[in-house]
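In: Got a predicted structure here, sequence first:
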Amino acid sequence: MHVVLAAGGTGGHIEPALNVGDALQRIDPSIEITVIGSERGLETTLVPARGYDLVAVPAVPMPRRPGTDLLRLGPRMHIAVRQATQVLRDRHADVVVGFGGYAAVPAYLAARRTRTPLIIHESNARAGVANRLGARFTRYVYTSFPSAMPGATPMALPLRHSIATLDRPALREQARGQLGLSAEAPVLLVFGGSQGAMRLNSVVEGALQALRDAGIEVLHAYGSRNDPPDPSPGYVAVPFIDRMDLAYAAADLALTRAGAMTCAELAAVGLPAIYVPLPIGNGEQRVNALPVVSAGGGVLVDDAEITAEWLTTMAVEVLKDGARLTSMGSAAYEHGVRDADEQLARIVMRVASGGQP
């Protein structure tokens, strides 16, 4: 069986694709996997690092208004679809599984051209252009949020196996030792995605002294493109955390944006969080966080409203109240889904074999 995964651009598209690839190979190591992506997105590093074959085709952004880009779209798309079609034929693909991003569009059109079964998974609360297009070519459409694509089948976000199976209490001591945190102090984990979040960085910088005075330690991923903060006792700052399982195990509370993957992972591991949705775009991050917040597993605050004083007050209130912290963690864990990777992998295998999901 040969499965082609189509995703590109951001980690939110690529990571769930790779998680399904991992699940497929855990179930049946003989399954062959190829990833179709772009030449410049995060997939150029993330895919090879996970051991998968990446074939890059030109990403063709879909223009939202008439202009010269629209006039050039036809020839550019033709080249990209032709390359993706050749990949499907050369690999004798049994199924294409798409997770969105502009680089996925040529794969969707190639699947239609070659009559290869196509499965779409949309992870965000509001579907992107690529998946809305791909959904026209298949009846196998799955969404983490039912409102994202009417008529789709609900399917939670496929998570990395090390996160889905994480036992936070069991790993806590080891994680804190490896990260340079004390064994007993409450820990606030701060991160804003792979590039960090300048707004969160600024708020943490202003709150740091008050947090430390309250006995709270901080593990802060500030982003590789941002300047490193000044070091201080009880404050561990790193540009990027490549072992999020350790970070989740070490932390008692998180301060973060509200990307779909972030919300799904924090719920799955039962880590309470303060969610600060990105204030730009179509508002999807707020929608991403609402279900777990409504379940009692987190707190939602607008970007414009969070200040150093607000963060200090909220963090101290939550971290110093053991009953509240436990209740929030339990609510998050009960909301989380930890086996969507395997669920979707088994659907992929049945469709690739000519059966029904």
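Out: Perfect, I can see it now. Computed from a predicted model, the values in this text were never measured in an experiment.
In: Please make it C-alpha for all contacts and neighbour counts, starting now.
Out: Fine.
In: hey, where'd the strands end up in the stretch 1-150 of the chain?
Out: 2-7, 32-37, 53-56, 95-100, 118-122, 140-143 (DSSP state E, counting those that start in this stretch).
In: and those as JSON lines, adding distance to residue 279, mean neighbour count and mean pLDDT?
Out: Output for the strands of the stretch 1-150 of the chain, formatted as JSON lines (distance: least, Cα to Cα, whole Å; neighbours: other Cα atoms under 10 Å; pLDDT from 0 to 100):
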{"stretch": "strand 2-7", "distance to residue 279": "25", "mean neighbour count": "26", "mean pLDDT": "97"}
{"stretch": "strand 32-37", "distance to residue 279": "28", "mean neighbour count": "24", "mean pLDDT": "97"}
{"stretch": "strand 53-56", "distance to residue 279": "32", "mean neighbour count": "19", "mean pLDDT": "96"}
{"stretch": "strand 95-100", "distance to residue 279": "22", "mean neighbour count": "28", "mean pLDDT": "97"}
{"stretch": "strand 118-122", "distance to residue 279": "21", "mean neighbour count": "28", "mean pLDDT": "98"}
{"stretch": "strand 140-143", "distance to residue 279": "23", "mean neighbour count": "23", "mean pLDDT": "98"}
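In: Please state the offset of stretch 5-20 from the chain centre?
Out: Centroid separation between stretch 5-20 and its chain, computed with Cα atoms, centre = their mean, to the nearest Å, is 8 Å.
In: Could you check how many residues crowd around residue 28?
Out: 12 (other Cα atoms under 10 Å).
In: can you check residue 320 too?
Out: Neighbour number of residue 320 under other Cα under 10 Å is 15.
In: picking that back up, save the strands of the stretch 1-150 of the chain as a markdown table, and put in distance to residue 255 too.
Out: Shown next, in a markdown table, are the strands of the stretch 1-150 of the chain (distance: least, Cα to Cα, whole Å):
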| stretch | distance to residue 255 |
| --- | --- |
| strand 2-7 | 28 |
| strand 32-37 | 31 |
| strand 53-56 | 33 |
| strand 95-100 | 27 |
| strand 118-122 | 25 |
| strand 140-143 | 26 |
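In: Find the nearest non-adjacent residue to residue 271, please.
Out: residue 329 (5.3 Å; Cα to Cα, 6 or more residues apart in numbering).
In: Check the secondary structure at that neighbour for me.
Out: Under DSSP: H, G, I helix; E, B strand; the rest coil, residue 329 falls in the helix class.
In: roughly how far apart are it and residue 54?
Out: The gap separating residue 329 from residue 54 is 38 Å, by Cα to Cα, to the nearest Å.
In: next one: residue 198
Out: Applying Cα to Cα to residue 198 and residue 54 gives a distance of 32 Å.
In: show me what contacts residue 259?
Out: With contacts defined as Cα atoms under 8 Å, 6 or more residues apart in numbering, the neighbours of residue 259 are 12, 277, 285, 288.
In: thinking again about what came up before, out of the strands of the stretch 1-150 of the chain, the one nearest residue 16 is which?
Out: Nearest to residue 16 among the strands of the stretch 1-150 of the chain is strand 95-100 (7.4 Å), distances taken as Cα to Cα.
In: The closest one relative to strand 32-37, how many degrees between them?
Out: Orientation of strand 95-100 against strand 32-37 (axes from the mean of the first three to the mean of the last three Cα atoms, to 10 degrees) gives an angle of 30 degrees.
In: Adjacent strands (with direction) for strand 95-100?
Out: Within its sheet, strand 95-100 is paired with strand 2-7 (parallel), strand 118-122 (parallel), according to DSSP bridges.
In: Pull the distance from it to the chain's centre.
Out: With Cα atoms, centre = their mean, you get 16 Å for strand 95-100.
In: Could you list the low-pLDDT ranges of the stretch 151-300 of the chain?
Out: For the stretch 151-300 of the chain, the stretches flagged by pLDDT under 70 are 193-196.
In: ok, now with 80
Out: Scanning the stretch 151-300 of the chain for pLDDT under 80 picks out 193-196, 224, 281-282.
In: Which parts of it are helices?
Out: 161-164, 168-179, 198-213, 244-250, 260-269, 284-294 (DSSP state H, counting those that start in this stretch).
In: Check these for me and report the most buried one.
Out: helix 260-269 (a mean of 24; mean count of other Cα atoms under 10 Å).
In: Look up how far residue 215 lies from residue 316.
Out: For residue 316, the distance to residue 215 - Cα to Cα - is 9 Å.
In: what does the domain assignment say about this protein?
Out: Residue ranges for the domains of the chain, per automatic domain parsing: 2-161+339-352, 166-335.
In: check contacts around residue 37.
Out: 6, 7, 8, 9, 43, 54, 55, 56, 57, 59, 103, 104.
In: can you tell me which of those lies nearest to residue 144?
Out: residue 7 (16.3 Å).
In: What sits closest to the residue at minimal distance from the centre of the chain if chain neighbours are left out?
Out: With distances taken as Cα atoms, centre = their mean, residue 261 lies nearest the centre of the chain, 2.7 Å away. Computed as Cα to Cα, 6+ apart, the closest residue to residue 261 that is not its neighbour in sequence is residue 12, at 6.2 Å.
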